[in-house]
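Enquirer: missing the sequence, but the structure's below:
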C-alpha cells in the first residue's frame, strides 16, 4: 500500500501550494483538449467551424461539470475518512464510487447522443454551424465513459492527497490530443469531426494511463473487485455530498449556455467571438479553480481530524495566493485581450468581439480568486447544499437576467453582456461571507464545548 498525502499537521501554505501546482497544471492540460480543438479549427476552418466547436464544447463542458460535481462527493468522503484515521473504509468508498459512476456513464452516453440535435437547437447554434455542432456533440458524447472514468480517478487521487499522478496522465493525453488534431483536422481535413475524435482519443489515453499507474503504485488502503458494488451507506453519502455540487455546477454551466444562446442570436461573429473568449476564460480561471479543488481535499482531511481552525487558515492562504495571480491575469485580460484572442482565431472581427467580452471577465478574475476558495472550503466542510444554493442564486437571479438585460441595451456591446459574470460573483461572495460568519460562530461553540471537560479535569 502507498502512503497518503497528509494535510493535518505541519505548515499550511507550502503543502497547499505543493498540492495545488500539479492540480493547476493538470487543469491547464485538460483545458487544452477543447482549446487545441478550437485553435486548430480556427486556423484551418471558417468562422462557422469555430462557432460549432465553441458551442459544442460548451455543451460538453456542462456534462463534465455534472460528473466533476458528483465526483466531489467521493473526494470529500475519502478525504474525511483518511483524516479520521479510518483508511480501512477507503476501498469501500472507492468501490461504491466506481459502481455509481459506471451507471452514470451509461446514462450520459445514451442521453447525450440522442439530445445532440435538440441541444444545438436550444443553444441557437447559427444555421451555418448547426450540423457541425451536432456532429461535435455526438462524437464527444460517444466518449462520455472516458470523461466519467477520468473524473472518478481524479477524485480518488485528490482524496488521498496525490495531485501528481493526474498531472502525469493528462500531460501525455494532451500530447495525444494535439497530434490527433493536427493529423485529423489539419492533414486529413476532417474539420469539426476530426477535432471531436482527437478529444475522445486523448481522454481514453488519460484513463488507461491512470489505471496503469494506480495498479503499479498501489493505494493507501485495501481495495478489491468485491468492493465494487452499490453499498447503500457509502453510495448514499457520496450522492448527498456530490449531488448538490453537481447540480450547482450544471446550473452554473447552464447559465453560461444561456448567455451563449443570447449571444448566438446576435450573429455568427458574436457567437464565434464569445466562444473564443469563453475558451480563454477557461484558462484564465484555472488558478482560482485549482485552489478551490485543492482546498476541498485539504479542508476535508482537517475537518475529519477535527482541526477546524487549520482548515480556515488554509482557506485564507489560498485566497491570498490566488489573488496575487489574479491581479496579473486581470491586467493581461483587460489590456491585451486581442493578443490572447489571436491565438484562437484569425478573423479580425472575431478577435475584436472576443477582446470586448474579455474586458468584463478581467474584473471577474479578481473576484473568483476569493469566490472559488470559499467554494473549496465549504465543499471540504461538507456544506455542499449551501454551495449549491449560492450557485443557483448567482446563475439564475443575477447572471442570466443581467446578461439578457445588457443584450438589449443599445448600442449592443459584448462588454456589457460580459458584466453579468462579475455581478454574479459579487452576490455569491456576499452570501459566502454571511455563511462563513455563521459557521465560525458554530465552530467557536464546538471548540468551547470540547475544551470545557478538559479544563474541568485540570488540577
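Expert: Happy to help now that I have it. Please read these numbers as outputs of a predicted model, since none were measured by experiment.
Enquirer: Could you list the buried residues of the helix or strand hosting residue 175?
Expert: Using DSSP states H and E, residue 175 maps to helix 164-181. With burial defined by 16 or more other CB atoms under 10 Å, the residues of helix 164-181 counted as buried are 164-171, 173-174, 176-178, 180-181. C-beta: built from backbone N, CA, C; applies to glycine.
Enquirer: elements contacting that helix?
Expert: helix 13-44, helix 144-159, helix 191-217 (3 or more CB pairs under 8 Å, 6 or more residues apart in numbering; DSSP states H and E).
Enquirer: Go through the shortest one and flag the buried ones.
Expert: For helix 144-159, the neighbour count (16+ other CB under 10 Å) marks 144-159 as buried.
Enquirer: Mean confidence (pLDDT) on the helix holding residue 175, please.
Expert: Helix 164-181 carries an average pLDDT of 80.
Enquirer: Residues contacting that helix, please?
Expert: 22-23, 25-26, 29-30, 32-33, 36-37, 40, 153-154, 157-158, 194-195, 197-199, 201-203, 205-206, 209-210, 213-214, 217 (CB atoms under 8 Å, 6 or more residues apart in numbering).
Enquirer: one more time with 7 Å
Expert: When contacts are defined by CB atoms under 7 Å, 6 or more residues apart in numbering, helix 164-181 is touched by residues 22, 25-26, 29-30, 32-33, 36-37, 40, 154, 157, 195, 197-199, 201-203, 205-206, 209-210, 213.
Enquirer: and that helix, how far from the chain's centre?
Expert: Offset of helix 164-181 from its chain centre (CA atoms, centre = their mean, to the nearest Å): 17 Å.
Enquirer: same thing with stretch 69-87?
Expert: With CA atoms, centre = their mean, you get 18 Å for stretch 69-87.
Enquirer: what does it rub up against?
Expert: 4, 8, 89-90, 93, 97, 104, 151-152, 154-156, 158-160, 220-221, 237-239, 241-243, 245-246, 248-250, 296-297, 300-305, 379-380, 382.
Enquirer: who are the neighbours of whichever helix or strand residue 444 is part of, in terms of helices and strands?
Expert: Assigned by DSSP H and E, residue 444 belongs to helix 420-456. Helix 420-456 sits against helix 348-381, helix 384-392, helix 400-407, with contacts defined as 3 or more CB pairs under 7 Å, 6 or more residues apart in numbering; DSSP states H and E.
Enquirer: Give the buried residues for the longest one.
Expert: Judged by neighbour count (16+ other CB under 10 Å), helix 348-381 contains these buried residues: 350-381.
Enquirer: that older thread, give me the subset of the contacts of stretch 69-87 lying in helices.
Expert: The helices in this structure, assigned by DSSP state H, contain 90, 93, 97, 104, 151-152, 154-156, 158-159, 237-239, 241-243, 245-246, 248-250, 296-297, 300-304, 379-380 from the contacts of stretch 69-87.
Enquirer: Filter the residues you listed down to the buried ones and hand me the ChimeraX line.
Expert: The buried residues among these can be selected in ChimeraX (16+ other CB under 10 Å) with this line:
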select :90,93,97,104,151,152,154,155,156,158,159,237,238,241,242,243,245,246,248,249,250,296,297,300,301,302,303,304,379,380
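Enquirer: secondary structure element for the most centrally placed residue in the chain?
Expert: Centroid-nearest residue in the chain, with CA atoms, centre = their mean: residue 65, separated by 6.0 Å. Assigned by DSSP H and E, residue 65 belongs to helix 47-83.
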